[in-house]
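J.: No letters, just coordinates:
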């Protein structure tokens, strides 16, 4: 019987392999590719996604124009009464609050707020933004933002259904 020395796996390689196994085992549903299609009646919109705290906070901030066939879907891990403000947003928007069953539970319009001024504290700016916030009266799981005038143009009402891959967005919302 011959003894063969065991080959040692370098420590660095073990760390890389362990990390890779950990990443692969923790993979859940993957984020859909943007844009995500959303249909309301006969109209289809190409929607940007905001499924985690950082992307929801950024939202459409910094956007200077939004084509009439585009928008953003904010997906949340659970239903709740929602409040949205216009931080760093330069355009007026329509906002639609949607429940777990893809039904519209509230609607509103949001006016662009002037940017924070040099002599305005962050606290004062946020108080000003909160004063103009759009709030849902009913719990929503998703919030949709469109170019101003979209709600009226398509005749959207509370109780209407919007069509999008809600189940996938529920599974990836953080």
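T.: Cool, got the structure. Note that the structure is a prediction, hence the values are computed from the model and not measured.
J.: Just say helix, strand or coil for residue 114.
T.: Recorded secondary structure, residue 114: coil (DSSP: H, G, I helix; E, B strand; the rest coil).
J.: and the gap between it and residue 129?
T.: Distance of residue 114 to residue 129, given as C-beta to C-beta, to the nearest Å: 10 Å. Any C-beta I mention is one placed from the backbone N, CA and C, and that applies to glycine too.
J.: So the two - more neighbours on which side?
T.: residue 129 (17 against 10; other C-beta atoms under 10 Å).
J.: residue nearest the centroid of this structure?
T.: By C-alpha atoms, centre = their mean, the mean C-alpha position of the chain lies nearest to residue 50, the distance being 2.0 Å.
J.: continuing past the host helix or strand of residue 39, what's the next helix or strand?
T.: Counting by DSSP states H and E, the element that carries residue 39 is strand 36-40. Reading on from strand 36-40 to the C-terminus, the next helix or strand found by DSSP H and E is strand 43-50.
J.: Name the next helix or strand downstream of that following strand, please.
T.: Downstream of strand 43-50, the first helix or strand assigned by DSSP H and E is helix 53-58.
J.: contacting residues around that next one?
T.: 49-50, 74, 76, 87, 174 (C-beta atoms under 8 Å, 6 or more residues apart in numbering).
J.: what comes up buried for the next helix or strand after it?
T.: For helix 53-58, the succeeding helix or strand toward the C-terminus, using DSSP H and E, is strand 70-80. Going by neighbour count (16 or more other C-beta atoms under 10 Å), the buried part of strand 70-80 is 70-76, 79.
J.: Helix or strand: which one has the residue nearest to residue 116 when sequence neighbours are not counted?
T.: With C-beta to C-beta, 6 or more residues apart in numbering as the criterion, residue 116 has its nearest non-adjacent residue at 4.2 Å, and that residue is residue 125. Here residue 125 sits within helix 122-131, counting by DSSP H and E.
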